[in-house]
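>>> One predicted model, sequence on top.
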Amino acid sequence: MTVACLTVAVMLISCGKDGSSGSLGGKQSPIGKVGNTFTITSKTPGVSGISAKVVDLDNGVSTVAVSVNITNSTYLTALAMSPDIEVSGNKMTINPRGHVTSNGIQEVLPDGTTLTLVKANAKVGDVYTNSNSSLRREVTKVSKENDYTWNGMQVKTIHIKETGRGIPGLDYIEFLYNEELGLVGCKFFLEDGTVMDYPIASQATNVVSNNKPIGGSQSPMGQVGTSFSMLGSIPGVSGVSAQVTALKDGVSTITASSTITNSTYMALINNLYNLGVWYKDDVTISGTKVTVNAQFRITDKGIQSVYPDGNVFTAVEYSAKVGDVYTVQLNGQTIRREVTAVSTTDDFAWNGMKIKTITIKETGRGIPGVDYIEYWTNHKFGPVAARIYFEDGTSVMVGCVTN
């Protein structure tokens, strides 16, 4: 029974949002792009290290290489009997396929036909079947609130009940889907009342944001060639430079680099990197030199971070009021930005003048040693200063100026 459930679990993690060759349509999702990795948490004795990575994307069909470490000889013997599974030593591998876009999930069956797992706009009672398969999938719940705990956060889910697999001892399977995260878990309900739970996480879906695009006209600050300089100095930090290197569809890429010889600050940078605060493809750490590529929408309305999957995180809206809050869920942590002050007079000393500012307090990054971050922005000059407050009571502040 356990072996059958495990086989189904590893085969279904690649069921992605429907791609260009599927019937659901929609845009290709980062979930199904080459290089994306999945992690399945197993509590089954003798089964560990379940991992998966997208290794091919051809005509909208993603191929996922799945591997599982199995120390139970009974499981290994049973799994080796499947023509789709390769067993070598204690390692099991399988390469399932699926479509991945923005409209739902669709599995590619062995005969090449497809079977919908879920549509992003699903309603309770929707049923998905395939005439060549005995499987039946029915939507049993569509949550309107963030009521499911996943990866340390609360998210909305669509629940799909699958029957018809004909596995002895199995009653049914329940899949849990989130529109932004894809599959977040599957549960096997056995006839003896046992429930086997397999949470699923995808590297490409580590951002959940309820922020909306700020709109407005493109600011010159976000145009290619704009540079940013640091006012003041930090011991152990030198060669700081930042410049807008690309602007496409209203999203500016800023490339920043610095040499860091202070061990405390380098540890902070490494923590940011390892915690997934940045996408690792956009960060280079070579000895003491750090280079970061980050994407922003910079308009006359404000500034937002833009993530590869299209989610945004507001840094400031120039129409902000005290008490405005912006949040994003990133790798299981909720990062919160709150407007704590809005100047009505020129009261902030900056670059030899006095200016009005909006003050934002940021918490929740979970960086060891850091209490919170505070930064100041101006509707004409953008970000003008930032201060990091450490848990030991110290802080460091720098100013910022653009050309």
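Happy to help now that I have it. Numbering: from 1, shown residues only.
>>> Residue 106 versus residue 140, what's the distance?
From residue 140 across to residue 106, the span is 19 Å (Cβ to Cβ, to the nearest Å). No exception for glycine: its C-beta is placed from N, CA and C like everyone else's.
>>> Kindly check the end-to-end length of stretch 106-115 for me.
6 Å (Cα to Cα, to the nearest Å).
>>> now stretch 320-339
End to end - Cα to Cα - stretch 320-339 spans 7 Å.
>>> neighbour count winner among residue 140 and residue 106?
residue 106 (27 against 13; other Cβ atoms under 10 Å).
>>> Show me what the one helix or strand that one maps to packs onto, helices and strands only.
Element membership for residue 106 (DSSP states H and E) is strand 104-108. Here strand 104-108 touches strand 97-100, strand 114-119, going by 3 or more Cβ pairs under 8 Å, 6 or more residues apart in numbering; DSSP states H and E.
>>> any idea which of those is most buried?
strand 97-100 (a mean of 28; mean count of other Cβ atoms under 10 Å).
>>> gap between that one and the chain center?
19 Å (Cα atoms, centre = their mean, to the nearest Å).
>>> cool, stretch 123-138 as well?
Worked out by Cα atoms, centre = their mean, stretch 123-138 lies 29 Å from the chain centre.
>>> Stretch 160-168 now?
In this view, stretch 160-168 has its centroid 30 Å away from the chain centroid, taken as Cα atoms, centre = their mean.
>>> swap in stretch 283-291?
23 Å.
>>> List the buried residues in it.
283, 290 (16 or more other Cβ atoms under 10 Å).
>>> Mind listing residues that contact it?
Contact with stretch 283-291 is made by 239, 255-261, 266, 269-270, 273, 292-293, as judged by Cβ atoms under 8 Å, 6 or more residues apart in numbering.
>>> Low-confidence ranges, the stretch 51-200 of the chain, go.
151-153 (pLDDT under 70).
>>> in it, which spans are helices?
Remark: helices assigned in the stretch 51-200 of the chain by DSSP state H, counting those that start in this stretch are 73-79.
>>> Could you do the stretch 251-400 of the chain as well?
In the stretch 251-400 of the chain, the helices defined using DSSP H, counting those that start in this stretch lie at 263-274.
>>> mind checking the SS state of residue 225?
coil (DSSP: H, G, I helix; E, B strand; the rest coil).
>>> Can you give me the separation between residue 320 and residue 368?
Computed as Cβ to Cβ, the residue 320 to residue 368 distance reads 30 Å.
>>> So between those two, which is more surrounded?
residue 320 (19 against 9).
>>> Not counting its neighbours along the chain, what's nearest the more buried one?
residue 339 (4.6 Å; Cβ to Cβ, 6 or more residues apart in numbering).
>>> got a list of what that neighbour touches?
Residue 339 neighbours (Cβ under 8 Å, 6+ apart): 316, 320, 321, 322, 323, 324, 325, 358, 359, 360.
>>> try it again with 6 Å
320, 322, 324, 360 (Cβ atoms under 6 Å, 6 or more residues apart in numbering).
>>> Any regions of the stretch 201-350 of the chain where pLDDT drops low?
Within the stretch 201-350 of the chain, the stretches with pLDDT under 70 are 203-210, 271-281, 309, 330-333.
>>> Going by neighbour count, list what's buried in stretch 248-255.
Going by 16+ other Cβ under 10 Å, stretch 248-255 has these buried residues: 250, 251, 252, 253, 254.
>>> Tabulate those residues (CSV), appending distance to residue 288.
Shown next, in CSV, are the buried residues of stretch 248-255 (distance: Cβ to Cβ, whole Å):
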residue, distance to residue 288
250, 35
251, 30
252, 27
253, 24
254, 21
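>>> My guess is residue 116 contacts residue 107. True?
No - using Cβ atoms under 6 Å, residue 116 makes no contact with residue 107, being 7.8 Å away.
>>> Quick one: residues contacting the closest residue to residue 61 other than its chain neighbours.
The shortest distance from residue 61 to any non-neighbouring residue, by Cβ to Cβ, 6+ apart, is to residue 97 (5.3 Å). Residue 97 is in contact with 61, 63, 108, counting by Cβ under 6 Å, 6+ apart.
>>> Burial check on residue 40, number of neighbours?
Residue 40, neighbours per other Cβ under 10 Å, totals 23.
>>> For it, name its beta-bridge partners.
residue 200 (DSSP bridges).
>>> just residue 294 next, same as before
residue 254.
>>> quick one on the thing from earlier: if any of the contacts of residue 339 are buried, put those into a PyMOL selection.
To isolate the buried members of these in PyMOL, using 16+ other Cβ under 10 Å:
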select buried, resi 320+324+360
